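Chemist: Need a 3D model of the sequence below.
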Amino acid sequence: MMGREVLIILLILLSVFFTAGCVDEQANQGEIAETNIQKEKELQDSTSIEENLSVAEVQTDISNKDEPPVRLSLEEVQDRAGFEVIYPSYIPEDYNFSHAFIHKSVDGTALEGVLESVDIWYKNDTDFISISERIYYNDSFKYQATDYDETVNINGHEAIYIEFSQTHALIWDVDDIQIYIFATTSKEEALKVATSIK
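Modeler: Down below sits the predicted model:
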């Protein structure tokens with residue numbers, strides 16, 4: 001019994017330590033909103049939601065098989081990514097780049113099936129746009145459309161559009177990369193950002 005209590009305390013301390021190290025005080029609002037995205041979607045269809053919808057989950061989870069995410073500037077992203085990152089040419093005027101993360105699997109096994117992900121954050125005073133580009137171990141880990149999702153076209157690619165009370169999500173594939181956009185902008189602005197990623 002004593003060993004179990006010590007293990008629980010250690011797990012709590014590790015969780016607090018790691019979360020404190022990875023979460024930027026300015027990023028809290030966006031990460032909380034992402035958690036709410038996952039919860040809302042699970043309420044809509046708890047049996048078919050893919051757990052890999054949550055960008056924050058990939059950014060804050062750690063195991064012995066994965067490198068912890070590294071906070072980067074835009075200039076550093078392409079040099080460190082193992083694939084060619086595709087950047088948006090359009091971001092709404094009042095948004096600025098905030099930060100980026102790269103998460104890589106070290107030994108070829110993947111957390112949530114993700115071998116590598118690049119997450120880029122843009123923010124203004126109240127809202128955020130998060131763009132995540134992910135390479136998966138295989139297609140079975142990728143997000144698949146449900147009956148609740150709308151299909152839209154982004155530069156000739158079929159994309160999934162998901163609308164929540166305050167957030168919009170777009171998910172589509174470009175070659176081997178699955179791209180996710182989470183945004184608290186309007187649907188029109190989210191689509192403009194998406195179509196500018198080429």
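Chemist: mind saving the C-alpha coords of the helix or strand encompassing Glu133 as PDB?
Modeler: Glu133 belongs to strand 128-136 when elements are defined using DSSP states H and E. Provided in PDB are the C-alpha atoms of strand 128-136 (Å, rounded to 0.1, in the frame of the first residue of the first chain):
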ATOM      1  CA  PHE A 128      -5.400  31.900 -31.500                       C
ATOM      2  CA  ILE A 129      -4.700  29.900 -34.700                       C
ATOM      3  CA  SER A 130      -2.800  26.700 -34.300                       C
ATOM      4  CA  ILE A 131      -1.400  24.800 -37.300                       C
ATOM      5  CA  SER A 132      -0.200  21.300 -36.700                       C
ATOM      6  CA  GLU A 133       1.600  19.200 -39.400                       C
ATOM      7  CA  ARG A 134       1.900  15.500 -38.500                       C
ATOM      8  CA  ILE A 135       3.500  12.400 -39.900                       C
ATOM      9  CA  TYR A 136       1.800   9.200 -38.700                       C
END
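Chemist: can you give me the strands in the protein?
Modeler: For the chain, the strands defined by DSSP state E cover 70-72, 96-104, 114-123, 128-136, 150-154, 157-163, 168-174, 177-183.
Chemist: So for Gln144, which of those sits nearest?
Modeler: Smallest distance to Gln144 across those (CB to CB): 8.4 Å, for strand 157-163. In short, each C-beta sits where N, CA and C put it, glycine included.
Chemist: Can you give the contact residues for that closest one?
Modeler: Strand 157-163 has contacts (CB atoms under 8 Å, 6 or more residues apart in numbering) with 41, 143, 145, 148-153, 168-174, 187, 191, 194.
Chemist: Could you list the paired strands of that strand along with their orientation?
Modeler: Looking at strand 157-163 with DSSP bridges, its partner strands are strand 150-154 (antiparallel), strand 168-174 (antiparallel).
Chemist: coming back round to it: go through the strands of the chain and name the closest to Val85.
Modeler: Counting by CB to CB, Val85 lies closest to strand 114-123 out of those; the figure is 5.3 Å.
Chemist: follow-up on the earlier one: can I get the strands of the chain in a markdown table including mean pLDDT and distance to Gly82?
Modeler: Formatted as a markdown table, the strands of the chain follow (pLDDT from 0 to 100; distance: least, CB to CB, whole Å):
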| stretch | mean pLDDT | distance to Gly82 |
| --- | --- | --- |
| strand 70-72 | 78 | 13 |
| strand 96-104 | 91 | 7 |
| strand 114-123 | 92 | 5 |
| strand 128-136 | 94 | 8 |
| strand 150-154 | 96 | 24 |
| strand 157-163 | 95 | 22 |
| strand 168-174 | 95 | 16 |
| strand 177-183 | 95 | 11 |
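Chemist: Relative to Arg80, which of those strands is closest?
Modeler: Closest approach to Arg80 among the strands of the chain (CB to CB): strand 96-104, 5.5 Å.
Chemist: I'd like to know which helix or strand in the protein has the lowest mean pLDDT.
Modeler: Across the helices and strands of the chain, mean confidence by mean pLDDT, DSSP states H and E is lowest for helix 55-60: a mean of 36.
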